[in-house]
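Undergrad: Build me a model from this:
(2 chains)
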Amino acid sequence: MEPVIDLDGLEVRFGARPILKQLKASLTGRSIGLLGPNGAGKSTLLNTLLGFHKPSAGTARIFGRDIRTQAREVRSLIGYMPENDSFIASMSGVHFVRLMAELAGLPKEHALERAHEAFFYVGLGEVRYRNLGTYSLGMKQSAKLAQAIAHGPRLLFLDEPTNGLDPPARTRMIQLIQEVRDRGDLHLILSSHLLRDVEECCDQVLILKDGNIAAFCNLEEERRANRRFLEIETRGESNGNFLDAIRTMGCETAPGAQGRIKLVLPDGLEVRRLYEVAAAQNVQIRRLNHKRDSLEDIFLKAMETADAGNAPAPKAAATVPAGTAPGGR
Amino acid sequence: MAVYKKTYRPYEGALTGRMTRLCVIPRYAFEDLHRSRFLNFFFVASYIYPLICALIIYVQHNASALGLLGVQGANRLIAINVVFFMSVLGWQSMLALFLAAFIGPGLVSPDLANNALSLYLARPFSRVEYVLGKMSVLMVLTSLMTWVPGLLLFLLEGYLEGWSWMPDHARYAAGIFFGAWIWIVILALLALALSAWVKWKPAAGALMFGVFFVAAGFGAVINGIQRTHWGHLLNISYLVGSVWLKLFQGSEPTTNGAVFFRVPEGEELPMWCCWMALGALCALCLYMLARKIRGAEVVR
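TA: Predicted coordinates for the structure are as follows:
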């Protein structure tokens, strides 16, 4: 399967200061989250992929096209929603998006039609003739999304798309991103410091720290793996017998205080069997949680590992089929 | 698809070519400039002087018109010679400076002030194409004000004087064309570089005049105090005027009629110095543009 982004020893320096250090990873997901603390190199990575910074060593490929030698072709595949306010305040919204679509290569009639569509799509249809300078912060964010999708890119770069949005506007923006992701042949890279945004929109996460890859995980696989990881709280006289009984069924267990037990179910064993065994042992199961590593856990773990100085080699080429839309989240 | 269908769909149509994309920026800029009444008025008004010159050429060659006006000796008073064409170019070039100071800053500074460059350059569009697109707006307008009317006057004179006049005075045409282009390139580069640097339209416009007039004044002060002519190196219009003199007259000495671009007699600098100074100015402008026209600012 063709990777969306292939980082091949990518290194970027500003003067003598290394910003991105020999990044190697192959990202194949439909929606990829870029996480990291401030100064980790997220924006530099996006800017380098867009050709704004020249790699000092290595390269990267987007849909197989080299960012060094095929920069123009690469950029024709990309839609970019920057983090900061980026527009011309004295232009009307639809005029601006039309200009951007024409620069991306759309003929002027199509550019105008798609600019109108994009504005209606992001919910700004009624204000599309107003000057961008008069828009509220939420409207500006939506207008930025409109210009990023108007020309129908194959890959969308979203840099902090929910920055400064109030909760309803944030929810609307996340819904839009999910919709865009799930329709058509479009991949997206979402750079954010908000773990929840990434968790809601992405199926792969690349965590950067100090210009290195601190972790690379496939959220979908993590979720699937953690489905077998339970935490239960029991009450009863014969907890010990209950533990022995579930161990004989193949469960790995770790008893805690006050009747709490962490366990991993073996394949083929249904949760229902636990209740049956508990009933047989006269033990009550008061609470049962499917314990899973949240993205926050993954992120903090990655930060700790990076701090310890032994950043794990990224699980390169994690294989989420390009067409797999993560559903049910 | 109707616009009321609020859904996302990928674009599957044909894409335009590189040249068409390059023309997008000038097209939008011209649309924008066309909305300015002042600019339209100024642009039309800039043709008054060439029209008067055309009238002079016509009257010079029309005995009955001269008789009608009762100014039979006028052809000796205003001769159609190198001074005449240099003054046309000089006057029109000065107007071009005002035009460039008025519209030049509005071309680049809004993009920089609003961080829109990253959006332009995130598309299949290079920094060079961006600068060329913006420069072309100034180049087209200032061309229409300088060498185009200059050459039309040359053709009119050639037509009325007899076609053999044109090859004999081809140097005038070359002087008008190349002289105007030197000025146009300098104006366009300066206007874009200064507006990229200060990012504020009014300040960039004022700075544009400052570079021409304040620097020239400073050069004159140096000349006065040091009793030298090297202060003229700071006077861009002097430098351009020196090059024009060479273009129009070759090595023959002449008094020039290039108003704002006049080179005082006896204060000439070596030609290579003028070229070097103009080259250095262009290089400085290109450096400023290279530093400022970027998709993302680099903080080292």
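Undergrad: C-alpha from now on. contacts and neighbour counts both.
TA: Fine.
Undergrad: Tell me the residues of the stretch 51-200 of chain B that contact chain A?
TA: Selection of the stretch 51-200 of chain B residues close to chain A by CA under 8 Å from any CA of the partner chain yields B:110-111, B:114-126.
Undergrad: Apply 10 Å and report the result again.
TA: Applying CA under 10 Å from any CA of the partner chain, one finds that the stretch 51-200 of chain B approaches chain A through B:110-127.
Undergrad: Not counting stretch A:123-131 itself, show me its contacts.
TA: A:88-97, A:115-120, A:134-135, A:139-140, A:142-143, A:146, A:172, A:176, B:3-4, B:6 (CA atoms under 10 Å, 6 or more residues apart in numbering or on different chains).
Undergrad: hmm, 7 Å instead?
TA: For stretch A:123-131, contacts defined as CA atoms under 7 Å, 6 or more residues apart in numbering or on different chains pick out A:89, A:90, A:91, A:92, A:93, A:94, A:119.
Undergrad: Pretty sure the second one sits against residue A:133.
TA: Which is residue A:90. Yes. Counting by CA atoms under 7 Å, residue A:90 does reach residue A:133; the two are 6.3 Å apart.
Undergrad: Now intersect the residues of the stretch 51-200 of chain B next to chain A with the helices, please.
TA: Here DSSP state H is the test, and those give B:110, B:111, B:112, B:113, B:117, B:118, B:119, B:120, B:121, B:127 as lying in helices.
Undergrad: Touching, the fourth one and residue B:201? I think so.
TA: If I follow you right, that is residue B:113. No. Counting by CA under 7 Å, residue B:113 stays clear of residue B:201, with 9.5 Å between them.
Undergrad: More neighbours: these two, which one.
TA: For residue B:113 versus residue B:201, neighbours defined as other CA atoms under 10 Å in any protein chain shown are more numerous around residue B:201 (23 against 19).
Undergrad: Quick check: closest non-adjacent residue to the more buried one.
TA: Nearest residue to residue B:201, sequence neighbours excluded (CA to CA, 6 or more residues apart in numbering or on different chains): residue B:105, at 5.1 Å.
Undergrad: Run a quick check on that neighbour versus residue B:195, I expect a contact.
TA: Yes. When contacts are counted by CA under 7 Å, residue B:105 is listed as touching residue B:195 (4.8 Å).
Undergrad: where do the contact lists of those two overlap?
TA: By CA under 7 Å, 6+ apart, the residues touching both residue B:105 and residue B:195 are B:201, B:204.
Undergrad: Show me the shaky parts of the stretch 51-200 of chain B.
TA: Along the stretch 51-200 of chain B, segments meeting pLDDT under 70 span B:69-77.
Undergrad: ditto for chain A
TA: A:1, A:184, A:223-227, A:238, A:291-294, A:306-329.
Undergrad: At the contact with chain B, which residues of it appear?
TA: A:14-15, A:50, A:52, A:72-73, A:75-76, A:80, A:85-88, A:102-107, A:116-117, A:120-121, A:151-152, A:180, A:184 (CA under 7 Å from any CA of the partner chain).
Undergrad: From the chain's centre, how far out is stretch B:275-284? Work that out for me.
TA: Centre-to-centre, stretch B:275-284 and its host chain are 16 Å apart (CA atoms, centre = their mean, to the nearest Å).
Undergrad: before we move on, back to that, so which of the residues of chain A next to chain B sit within helices?
TA: A:72, A:73, A:75, A:76, A:102, A:103, A:116, A:117, A:120, A:121, A:180.
Undergrad: In three-state terms, label the residue lying farthest from the centre of chain A for me.
TA: Using CA atoms, centre = their mean, the residue of chain A lying farthest from its centre is residue A:237. It sits 46.2 Å away. Judged by DSSP: H, G, I helix; E, B strand; the rest coil, the three-state class of residue A:237 is coil.
Undergrad: Assign residue A:6 to helix, strand or coil.
TA: Going by three-state DSSP: residue A:6 is strand.
Undergrad: who's in contact with it?
TA: By CA under 7 Å, 6+ apart, residue A:6 lies in contact with A:25, A:26, A:27, A:60, A:61, A:62.
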